[in-house]
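> Output the structure for:
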Amino acid sequence: MKGGWVYIMTNWAFGAFYLGVTSNLAQRIAAHKDGIVPGHTKRYNLKKLVYVERHEDILAAIAREKAIKHWPRRWKIGLIMGQSPNWDDLFDGI
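Numbers count the residues shown, from 1 in each chain. Got it, this is the predicted structure:
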């Protein structure tokens, strides 16, 4: 199986965010930034990648995404702060 990525997009620090999973991170984030992915990210202009987590197996990434989706918001913010304390866009680094 191909690996996968869990990621969080936002519009600004502590603003709205979106948690997703993909097997092709660069392509998926570019699609969010270009506004071609309909739904929550487009509606709320979520174009900053502030958290990313690599998994060797896509099923593990999917399971992790589902688990994090049930976490309280403050735990998700903790994940973001641990990786991007200034809520910088991590896209250029991938």
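> quick one, phi psi at the closest residue in space to Lys42 that isn't next to it in sequence?
Leaving aside its chain neighbours, Lys42 sits nearest to Gly35 (5.3 Å; criterion: C-beta to C-beta, 6 or more residues apart in numbering). No exception for glycine: its C-beta is placed from N, CA and C like everyone else's. Dihedral angles of Gly35 (phi, psi; degrees, to the nearest 10) stand at phi 70, psi 20.
> From Ile62, how far out is Gly35?
Between Gly35 and Ile62 the computed distance is 25 Å (C-beta to C-beta, to the nearest Å).
> More neighbours: which of these two?
Ile62 (15 against 11; other C-beta atoms under 10 Å).
> where does the more buried one fall, helix, sheet strand or coil?
Here Ile62 is recorded as helix under DSSP: H, G, I helix; E, B strand; the rest coil.
> and the lowest-mean-pLDDT helix or strand in the chain, what does it pack onto?
Of all the helices and strands that make up the chain, helix 40-43 has the lowest average by mean pLDDT, DSSP states H and E, namely a mean of 90. On a contact count with 3 or more C-beta pairs under 8 Å, 6 or more residues apart in numbering; DSSP states H and E, helix 40-43 meets no helix or strand.
> I'd like the distance from the helix or strand following it to the chain centre, please.
Beyond helix 40-43 in the direction of the C-terminus, DSSP states H and E gives the next helix or strand as strand 48-55. Strand 48-55 has its C-alpha centroid displaced from the chain centroid by 5 Å (C-alpha atoms, centre = their mean, to the nearest Å).
> which outside residues touch strand 48-55?
Contacting residues not belonging to strand 48-55 are listed as 3-12, 17, 25, 29, 61, 64, 79-80, 83-84, 87-91, 94 [C-beta atoms under 8 Å, 6 or more residues apart in numbering].
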